[in-house]
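In: quick one: sequence plus predicted model below, questions after.
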Amino acid sequence: MGNYQYKTEGVCSQLIRFNIDDEGKLHNVEFFGGCNGNLKAIGLLVEGKSADEIAATLQGNTCGQRSTSCADQLSHAIRSALEKEKERKG
């Protein structure tokens, strides 16, 4: 499919970069800013997993008093990328 980047909202990280392959699997998830160790761990945990499944699992996760989290933002990023692909394919 392709390479994507997503500008986050309401969290410490500012940007997420990742790839989704032709089988719909996530690869090379990188967060820029935020809690470095935890965000590296998320990238490792989701590597090679279904983008749809990861988006569903992480959706709605919150951080402290915030209505979102870096994990929730990854779910938004994945959904956005999948929607772009759907539109592109027509």
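Out: Yep, it's here. Numbering: from 1, shown residues only.
In: what's in contact with stretch 36-54?
Out: The contact list for stretch 36-54 (CB atoms under 8 Å, 6 or more residues apart in numbering) reads 13, 20, 24-31, 70-71, 74-75, 78, 81-82. For glycine as for every other residue, the C-beta is placed from the backbone atoms N, C-alpha and C.
In: which of these are buried?
Out: 13, 20, 25-26, 29, 31, 70-71, 74-75, 78, 81-82 (16 or more other CB atoms under 10 Å).
In: select, from the residues you listed, the two members most distant in space.
Out: Ser13 and Lys25 (22.0 Å; CB to CB).
In: restrict the longest helix along the chain to CA atoms and write it as PDB.
Out: Counting residues, the longest helix found in the chain (DSSP state H) is helix 70-89. This file holds the C-alpha atoms of helix 70-89, laid out as PDB (Å, rounded to 0.1, in the frame of the first residue of the first chain):
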ATOM      1  CA  CYS A  70      -0.700   8.300  21.400                       C
ATOM      2  CA  ALA A  71      -2.100   4.800  20.900                       C
ATOM      3  CA  ASP A  72      -5.600   6.300  20.000                       C
ATOM      4  CA  GLN A  73      -3.900   8.700  17.600                       C
ATOM      5  CA  LEU A  74      -2.200   5.700  15.900                       C
ATOM      6  CA  SER A  75      -5.700   4.200  15.400                       C
ATOM      7  CA  HIS A  76      -6.800   7.500  13.800                       C
ATOM      8  CA  ALA A  77      -3.700   7.500  11.600                       C
ATOM      9  CA  ILE A  78      -4.400   3.900  10.500                       C
ATOM     10  CA  ARG A  79      -8.000   4.600   9.700                       C
ATOM     11  CA  SER A  80      -7.000   7.700   7.700                       C
ATOM     12  CA  ALA A  81      -4.500   5.800   5.700                       C
ATOM     13  CA  LEU A  82      -6.900   2.900   5.000                       C
ATOM     14  CA  GLU A  83      -9.600   5.400   3.900                       C
ATOM     15  CA  LYS A  84      -7.100   7.100   1.600                       C
ATOM     16  CA  GLU A  85      -6.200   3.800   0.000                       C
ATOM     17  CA  LYS A  86      -9.900   2.900  -0.400                       C
ATOM     18  CA  GLU A  87     -10.600   6.300  -2.200                       C
ATOM     19  CA  ARG A  88      -7.500   5.900  -4.300                       C
ATOM     20  CA  LYS A  89      -8.600   2.400  -5.500                       C
END
